[in-house]
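>>> Give me a 3D structure for the following:
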Amino acid sequence: MRRLILWPLLIALPLLSACADKSMQDLYGFVDQVKSLKAGYIEPLPEIEQIKTFAYVGDGRRDPFALLSGEEGSEFENADNGIYPDSNRHKEELESYPLDSLRMVGVLEQDEVIWALILNRENTIYRVKSGNYMGMSHGQITQVTENKVELTEIVSDPGGGYRERQASLVLRDNQENNR
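Residues are numbered from 1 along each chain as shown. Now for the predicted structure:
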């Protein structure tokens, strides 16, 4: 048994001692060789060309560079209309999916409450009712009927604020797309 333990040690000792060369002459030689090389030539940066400026002169049409919120008569005239998504609200599971990836596959009535059955991409069915949220645009369910789920989404507008948008999921044949 002792012989079995000693043989690997006798083979490993010469290998380990070869790695323990303390002179490091090869390392010093390499460093001296690198230091003796001449520095390379670096080309100077190219000259930056001046770009000619252009002044936009309106010809009676809308200025394409102006924000919509600053224009008179725009639907986004008032960016602070009091509509904001609730950032303190705990997100529900179906809010991690785009609305067009969800499908309404059925309804269920329980204790006089109509629940919609919603199928996600992973083929998991969720039960939702009025007041629940789904979709990535802060969509709150406003009404569930036997063949439709209606939502009010809060989306950003070009004026820097938010606005409400109506959306719905309709109960359809399994082969069709919902939205």
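>>> can you pull the buried residues of stretch 103-118?
103, 104, 107, 115, 116, 117, 118 (16 or more other C-beta atoms under 10 Å). For every residue, glycine as well, the C-beta is placed using N, CA and C.
>>> host element of the fourth one?
Right, residue 115. In this structure, residue 115 is located in strand 113-119 according to DSSP states H and E.
>>> Check which helices and strands that strand sits against.
Packed against strand 113-119, as judged by 3 or more C-beta pairs under 8 Å, 6 or more residues apart in numbering; DSSP states H and E, are the following elements: strand 103-110, strand 125-128, strand 139-144.
>>> Out of these, which gets nearest to residue 24?
Checking those against residue 24 by C-beta to C-beta gives strand 125-128 as the closest, at 67.2 Å.
>>> So which other helices or strands are in contact with that closest one?
strand 113-119.
>>> could you check the angle strand 139-144 makes with the strand it packs on?
130 degrees (axes from the mean of the first three to the mean of the last three C-alpha atoms, to 10 degrees).
>>> avg pLDDT for strand 113-119?
For strand 113-119, mean pLDDT rounds to 94.
>>> One more: stretch 36-44?
For stretch 36-44, the mean per-residue pLDDT is 88.
>>> Distance from the chain centre to it, please.
Taking C-alpha atoms, centre = their mean, to the nearest Å, one finds the center of stretch 36-44 at 44 Å from the center of the full chain.
>>> Show me the shaky parts of this structure.
Residues of the chain meeting the criterion pLDDT under 70: 1-22, 65-80, 173-179.
>>> quick one: the helices in it?
For the chain, the helices defined by DSSP state H occupy 2-18, 25-36.
>>> For residue 127, state which of the buried residues of stretch 103-118 is nearest.
Closest approach to residue 127 among the buried residues of stretch 103-118 (C-beta to C-beta): residue 115, at 4.7 Å.
>>> I'd say the closest one and residue 127 touch.
Yes - shown here, residue 115 and residue 127 form a contact pair, counting by C-beta atoms under 8 Å, at 4.7 Å.
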